[in-house]
Every structure is written in C-alpha cells, then in structure tokens.
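1. please work out how this folds:
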Amino acid sequence: MIAKSKILISVFAALFLLLLGIQVYFMYKTYQVKERDIYRSVNDGLTNYTDNLEDIQEAKERNDDSLQEIIIQYHNKEINKKDFLNYFIENRKSARERLIHYIDSRNQKDGYEISARIRYLSIVHLPDSTKVITEPIVIFETKDKIRNPRIASNGSWETSTTKRDDSDIGQVEKRNTFLVKTQTDFEIKNIKSIVFKELTLLIICCVILLSGVLLLYIFTIRNLIQQQKQVEVLHTIVDNISHEFKTPIATLKIASKALKKEWNPETLPLIDRQISRLESLMFQLHKDETPDEMIEIQPEDWNFFIQDLAVTYPGIDFNLENTISQKLPYDRNLMETVIKNLCENSVKYGASVVKINISNSSQQLEIEVSDNGQGMETKELNNIFEKFYRIQNNNIHNSKGLGLGLYFVKKIIANYGGKTEVSSQLNLGSTFKISIPYEN
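-> Here you go, the predicted model:
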C-alpha cells in the first residue's frame, strides 16, 4: 500500500508538473500574441501618421528649395554640422507637434506609454554616391528615450534642384540629387502591464484550474491515508489477537494430551482458565458483546498464570514469589498478558530459570521478572518495546515471533499510568521491573 502510494504520488507529481508546464507555455504564447497585436496596432497607426507627415513635408519641400540648398551647403562644407542639424530640427517642428499629439491621444485612449524616434539614416549625393552624413540624424524623439526600439517603418525620398531648358522639347534637368533614407522607431514602455491586465481573467482561470486539480489530489491522498490507517488498525488487532491466541491454545493442547494419558484433577481448572481467556479475546473482536464490568484480578490468579506457563513450558523453572493478599483494580486478562508475555520473552531468548516477584505497597503494584537468558546489549534496550521490533544478529532474527509481546506489555502498563524499566547484561540475563499505581 505504501509503495503504491509513493508511485501514485510520483506519477501525479510528474503529470502535475507537465500540466503546469503546458499552462505556462500556453500563457507565454498568449502573452506573445497579445504583445504582437498591440505593437502591430501601434505600428500601423504610427506608420500611417508618419507617412502622412512625410507626404505633407515632401510636398512642401518640392515648392521650397531650402532643404536642397542646406544639403548642398553642408555637402560643400559651407556650413558646419551644428547649423545643418538646427535646420532639420526647426524645419520639422510642426511635424513633431502633430506626432506628439498622436502619441498623447493613444495614451489617453488606450493607456499606451509610447516612446518614438524619427531619424535620417543616410543622405547620399547620387551623382557621385558621396555620403553627406556619416551617422544617423535624430529629427524627432520623445522625452522618454527609447531603450528597446521596435522598427515602425523605413522610407526614402529624393530631393534635387531642377532646371527646365527653353527649347521646344522643354526637358527637365535634375541637378544635385540627394537620396534621403528615414526610419521611425517606437517602443511601448508599459507593454507588460497592459498585456497582463488583458490576460488577468485567463491567468485567474488557469490558477483556479491548477488549484482545483491539486486540491482534488490532496483530498484523494487524504482519503487514501485514512483508509491505510484503518487497514493498519485492522492488522494491529489481528496481530494482537493472533499473538494472544497462541499461549492458551498451546496450553489447551498440552492439557488435552495430559488427560489422554492419565486423569489429573488440576488439568480441568487449567482448561477452564484457558477457555475463559479465549472467550475474553473473542469479546475484543465483538465489542458489542463485551461485558460492561471488567474482571478484577484475585490474589490467586497470579499463581494460576505461572501454573499455566509451567504446563506450557515444562522444561523451564518458573519461581514465583507472590505476596498479594487482596483483590486489585486491574483487568485480569490484561495482567495475564503482561506476566505471560514477559515470561515467554525470557523463554524465547534462552532462559532456563525465570523468577517472578509480585508485591504491592503504598497503593502500588510491583512486578519483577528476571531470567538467566542470553541478555541484551545496552543499545537494544530503547528499542525492544517498539512494535514488530526483534533483536537480530548480522541482520538475522534468531528467535521466532512477530515482535509484539513487549510492545503489548508497554502499552498496557502505560494505559494504567505505570512505568516499565529494564536492565540486562549480555550472556547473563535480563530483569524487567514494572510499577503500577492504584486506588482503593
């Protein structure tokens, strides 16, 4: 179950990352399309506007040879570069104002913060292909400078001095022809915020979709974990009951064999006690049939526990010292589980003599079980009460069992508010000391 859960988690993580990647790629492509559409819209409007301005300016300059004259003067080095540039700046003043008006109108209408720039890239004297300017001339630029320009449009036009001859043909002669190449650049400064604002609804939908998938998965995993816990509880109950069934069944088998050989009046009470214990274990499986009152342990019950163990393990010397003379407020079946699990643990790990000392004083029950078994290393003492833990040598378990006996002892004593202590020496044996408080 755990392995399958890990596989499911890994598969979902991979699929979720794939879905997330697809969503991110989809959003990125959508962002690019939106950005391209906005730039295309601004580009079309800006290009049309600048083309109209150039047409107006070109028509003006056809009737006015001032531009031609200033280019000729600069080409002939009759004026310096500063005067040449000042002429272009003053000559394009009205065009700049119209362009600024257009940019401001787009800002008010659509919220676009547009930075624009118009440049003369080159002016070439065509007859001899001489470059009049060696670097671009900025004719217009907004206050907010362009950092990442997008080319809006490129254009070119000619300016020349014309002369008509007086002959009948009336041919027109072009002189001092110059080819002017222009370029209009622009940039939308707040393009990212505009695009994200338009994609807000789409982003929210994607986030809701991914969150829904993630929450659905978390809910599924929670249900899976709860079911797994229920299965673990069921396994614990089965392990508990199967472990507790082993001793009374083994004792009944031995008692049955003894009856077949010869009659012994002590065998019948032993059988009755084991049947009662089996019945109590069955009650744990059927809670609705469990008696409302627990069976309190009597002074002689401690002796019966050890007698049953002596029958089950005839080769082991069980020495009991019992000074209890009164009924105690503990469940008899639970106390039998504690005593027998401790003693069977000693037998399992090589003990031939097990000493049991049971006493009470100052409203406290004291149980001490010691043996001459193989003992334990100090590092093992903190682990032996863990569920399913068994001492092993070289990764090999040398004793049979599920590792539940001492776990049940610890759990029962803890439920009564008692303490469990253990001391051991390797090859010398172990001693378990239990103290449980009670009230009269």
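2. now do the helices in the stretch 301-440 of the chain.
-> Using DSSP state H, counting those that start in this stretch, the helices assigned to the stretch 301-440 of the chain run over residues 301-312, 332-348, 405-415.
3. Throw those into JSON lines and include mean neighbour count and mean pLDDT, thanks.
-> (C-beta placed from N, C-alpha, C; glycine too.) Below are the helices of the stretch 301-440 of the chain laid out as JSON lines (neighbours: other CB atoms under 10 Å; pLDDT from 0 to 100):
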{"stretch": "helix 301-312", "mean neighbour count": "20", "mean pLDDT": "86"}
{"stretch": "helix 332-348", "mean neighbour count": "22", "mean pLDDT": "88"}
{"stretch": "helix 405-415", "mean neighbour count": "19", "mean pLDDT": "87"}
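4. how about those, which one is nearest residue 207?
-> helix 405-415 (47.6 Å; CB to CB).
5. got the CA coordinates for that closest one in CSV?
-> The C-alpha trace of helix 405-415 is given here as CSV (Å, rounded to 0.1, in the frame of the first residue of the first chain):
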residue,chain,number,x,y,z
GLY,A,405,4.9,-9.2,23.2
LEU,A,406,6.9,-6.4,24.8
TYR,A,407,5.0,-3.8,22.8
PHE,A,408,1.7,-5.0,24.4
VAL,A,409,3.3,-5.0,27.8
LYS,A,410,4.5,-1.4,27.4
LYS,A,411,1.1,-0.3,26.1
ILE,A,412,-0.9,-2.0,28.9
ILE,A,413,1.3,-0.5,31.6
ALA,A,414,1.2,2.9,30.0
ASN,A,415,-2.6,2.8,29.9
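6. next, the angle from it to helix 332-348.
-> Here helix 405-415 runs at an angle of 140 degrees relative to helix 332-348 (axes from the mean of the first three to the mean of the last three CA atoms, to 10 degrees).
7. which strands and helices sit next to helix 405-415?
-> helix 200-261, helix 332-348, strand 419-425, strand 429-437 (3 or more CB pairs under 8 Å, 6 or more residues apart in numbering; DSSP states H and E).
8. got a list of contacts for the last one?
-> It refers to strand 429-437. 330, 338, 342, 346, 349, 351, 363-376, 409, 413, 416-424 (CB atoms under 8 Å, 6 or more residues apart in numbering).
9. swap the cut-off to 6 Å and go again
-> 342, 364-373, 375, 413, 416-424 (CB atoms under 6 Å, 6 or more residues apart in numbering).
10. low-confidence stretches in the stretch 201-350 of the chain?
-> Across the stretch 201-350 of the chain, residues meeting the criterion (pLDDT under 70) sit at 233-244, 246-247, 258-268, 272, 276-277, 279-293.
11. which residues in the stretch 51-200 of the chain form strands?
-> 114-125, 130-131, 137-141, 150-164, 172-188 (DSSP state E, counting those that start in this stretch).
12. buried subset of the contacts of strand 429-437?
-> 342, 365-373, 375, 413, 416, 418, 420, 422, 424 (16 or more other CB atoms under 10 Å).
13. still on that earlier bit, including distance to residue 433, could the helices of the stretch 301-440 of the chain go into JSON lines?
-> Converted to JSON lines, the helices of the stretch 301-440 of the chain look like this (distance: least, CB to CB, whole Å):
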{"stretch": "helix 301-312", "distance to residue 433": "16"}
{"stretch": "helix 332-348", "distance to residue 433": "11"}
{"stretch": "helix 405-415", "distance to residue 433": "11"}
